[in-house]
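*Asks:* My questions concern the predicted model and sequence given below.
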Amino acid sequence: MRAYVDDLKAQGIDVRIAVETEHRMAFLPLVLRGVGLAVVTESWADLSERARALVLDLEPACVQHNVLVSRKAQLTPAARAFLEIARPTGT
């Protein structure tokens, strides 16, 4: 999310960061109390709307790239099963 905001700033858009938090649960109370806006993943849209926040899609749409991090040592059976499903074929 921060990369999206940094890209806006690089385009010359006046973005002022009032608060930056690593705690996902902190953004909604801050927004609802008027601290500012938040750029969050789509998974937060429903909860935010139910809390009576205005939720708008970003234009142009933003793509989030995720990675999977795992220890190299022996995995638990559950972790190994998840890794087999999550790992793209051929890696």
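*Replies:* Arrived safely.
*Asks:* Start and end of stretch 59-75, how far apart?
*Replies:* For stretch 59-75, the first-to-last residue distance is 41 Å (Cα to Cα, to the nearest Å).
*Asks:* now that stretch: mean pLDDT?
*Replies:* Mean per-residue pLDDT for stretch 59-75: 80.
*Asks:* Now do it: everything it contacts.
*Replies:* Residues outside stretch 59-75 that contact it (Cβ atoms under 8 Å, 6 or more residues apart in numbering): 4, 39, 41, 79, 83, 86-87. Using the backbone N, CA and C atoms, a C-beta is placed for each residue, glycine as well.
*Asks:* Just put the residues you listed in JSON lines and tack on secondary structure.
*Replies:* Below are the contacts of stretch 59-75 laid out as JSON lines (DSSP: H, G, I helix; E, B strand; the rest coil):
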{"residue": "Y4", "secondary structure": "helix"}
{"residue": "V39", "secondary structure": "coil"}
{"residue": "T41", "secondary structure": "coil"}
{"residue": "A79", "secondary structure": "helix"}
{"residue": "L83", "secondary structure": "helix"}
{"residue": "A86", "secondary structure": "helix"}
{"residue": "R87", "secondary structure": "coil"}
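*Asks:* a markdown table for those residues, including neighbour count?
*Replies:* Output for the contacts of stretch 59-75, formatted as a markdown table (neighbours: other Cβ atoms under 10 Å):
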| residue | neighbour count |
| --- | --- |
| Y4 | 13 |
| V39 | 14 |
| T41 | 11 |
| A79 | 12 |
| L83 | 12 |
| A86 | 9 |
| R87 | 11 |
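*Asks:* tell me, what residue is most central in the chain?
*Replies:* T41 (4.2 Å; Cα atoms, centre = their mean).
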